[in-house]
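Student: sharing a model that was predicted from the sequence below.
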Amino acid sequence: MSQQLLDTPTIDAAPDETTVGLSGVVESAPARPHLHVSVAQVPAKQRTRVLHIISDLNVAGAEMKLYKVLAACDRSRFEPAVVSMRNQGDLRQLIENLDIEVFNLGIRGSVPGPISVSQLTRIARNFRPALIHGWMYHGNLAAQFAAGVMTEKPAVVWSVHQSLYSFDYEKWLTARIIRLGARWSHLPDKIIYNSNTSAQQHEAIGYRSDKRIVLGYGFDTNLFAPSDEARRSVRAELGAPQDAILIGLAGRYHPAKDHANFLRAAALVKNNHAGVRFVLCGSGVDSSNDVITSLVRELGLSECTHLLGDRRDIARIIASLDIAASSSNTEGFPNVIGEAMSSGVPCVVTSVSDLPLVIGTTGRAVPPRNAEALAAGLRELIGLGVEGRKRLGLAARNRIIDQFSLNAAVARYEATYERVIKGRNSQPL
């Protein structure tokens, strides 16, 4: 495998208008659609305090969702703060740049110690939120604890950001916490899921169905948009012909993403379409990954596969693609597929979670763990030709704008907060 294909250089974005993207990359900051009134014009006592509690602030799907909600929320109505349970992470500074306070508990072991518990208690009592929002399983239980130690009981919302096809990919303690969440799911006011599939799977193991709210992720359609310049420049950077068909897979290296399935499908596609190039990016997807590089060599893909690892220009990479793929055998809500659709790129996905619902008729859904089916879907979109893929990509972008925009997603979160707080305040003491 050539070094050029493995170690493509990154391109730095302007430091004064950046944020971290899902694959550990820097992108333009999301728009803040609600900030029509200066926060300084609204007294703090008139803004609703919301305390967000999350395991850490490393770059990943749920963490980025929190950041996007914070960046786009109406700060004339809400005063947020964030508790990171384990570490500060790359997103801490970005959140603080939004003039939002971040507290770090610094938990090191599997179970919070007395100092961390005392810190969380003090933070909750001092901040006095009207609502505490837990993010992911550990954050959910921490949110419930924090509400319990307060004199004036706030509303509590849990949020679940993954599907649950099995416990095979979960650590032993996480599996226990998921099951504990089922036993305690009568406690929060509402439980937010990122897909209908996730809600159904958790309710099947005991999570309360009457607590369900499904709020899909939203996408910044200004950041993720079609770009002829990106198509030209990425091909030049990769040393690929301008008419090369680029098929991409973006996502961190993890068994659930099933990179092997994608690469096996790529080998089948290459047999019929010699000019196709395959672009993979995400944490751990680079030349240092012996599993991926060995499989690339085995399958004869060395001359047409680019392993880019973490990128500082993921929106540009996605906009350069002709086809985006998801080969996952399990998913929560598919961020990169929504970003590709927003960029006018048609997608071939595995039929897990709500992926088929997200793409609708603008792409192709195939069974998971089936390289032949994935290859067939890719071949079908290749066969549409340039104009056919453009039409499908435009339909995909319009679908995201109509149903999955970032503005609409944040508005749904804000409406949920207000509805839950109003319901809590109307309950008899």
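Tutor: Happy to help now that I have it.
Student: only C-alpha atoms from now on, for both contacts and neighbour counts.
Tutor: Noted.
Student: how much space between the spatially most central residue of the chain and Met136?
Tutor: The residue lying closest to the centre of the chain (CA atoms, centre = their mean) is Gly61, at 2.8 Å. Per CA to CA, to the nearest Å, Gly61 is found 11 Å from Met136.
Student: surely Tyr217 is in a strand?
Tutor: No: the assignment for Tyr217, made by DSSP: H, G, I helix; E, B strand; the rest coil, is coil rather than a strand.
Student: which residue is the nearest non-sequential neighbour of it?
Tutor: Leaving aside its chain neighbours, Tyr217 sits nearest to Ala409 (6.3 Å; criterion: CA to CA, 6 or more residues apart in numbering).
Student: report the buried residues of whichever strand or helix holds the one you found.
Tutor: Taking DSSP states H and E as the criterion, Ala409 maps to helix 406-425. Under the neighbour-count criterion of 16 or more other CA atoms under 10 Å, helix 406-425 has 406-411, 413-414, 416-418, 420-421, 424 buried.
Student: which other helices and strands does it contact?
Tutor: Helices and strands touching helix 406-425, by 3 or more CA pairs under 8 Å, 6 or more residues apart in numbering; DSSP states H and E, are helix 61-72, strand 155-160.
Student: could you give the mean pLDDT of the shortest one?
Tutor: Predicted confidence along strand 155-160 averages 96 (mean pLDDT).
Student: same thing with stretch 85-94?
Tutor: The pLDDT scores in stretch 85-94 average 86.
Student: how long is it from one end to the other?
Tutor: Using CA to CA, the two ends of stretch 85-94 sit 17 Å apart.
Student: which SS class is Leu308?
Tutor: Three-state assignment for Leu308 (three-state DSSP): strand.
Student: just give me the neighbour total for it.
Tutor: Neighbourhood size, Leu308 [other CA atoms under 10 Å]: 24.
Student: how about it: what's its closest non-neighbour residue?
Tutor: Leaving out its chain neighbours, the residue that sits closest to Leu308 by CA to CA, 6+ apart is Cys281, at 4.8 Å.
Student: next, the contact list for that neighbour, please.
Tutor: Cys281 makes contacts with 23, 249-252, 307-311, as judged by CA atoms under 8 Å, 6 or more residues apart in numbering.
Student: list phi and psi for Phe278.
Tutor: phi -120, psi 130 (degrees, to the nearest 10).
Student: so it touches Gly248, yeah?
Tutor: Yes: counting by CA atoms under 8 Å, Phe278 touches Gly248, with 5.8 Å between them.
Student: how about Ala373, what does it touch?
Tutor: 366-367.
Student: show me the protein divided up by domain.
Tutor: The chain breaks down into these domains under automatic domain parsing: 47-218+406-422, 228-403.
Student: comparing the ones you listed by mean pLDDT, which bottoms out?
Tutor: The bottom spot among the domains of the chain, by mean pLDDT, belongs to domain 47-218+406-422, with a mean of 91.
Student: mind listing the helices for the stretch 1-150 of the chain?
Tutor: Secondary structure of the stretch 1-150 of the chain (DSSP state H, counting those that start in this stretch): helices located at 3-6, 61-72, 91-96, 114-127, 136-148.
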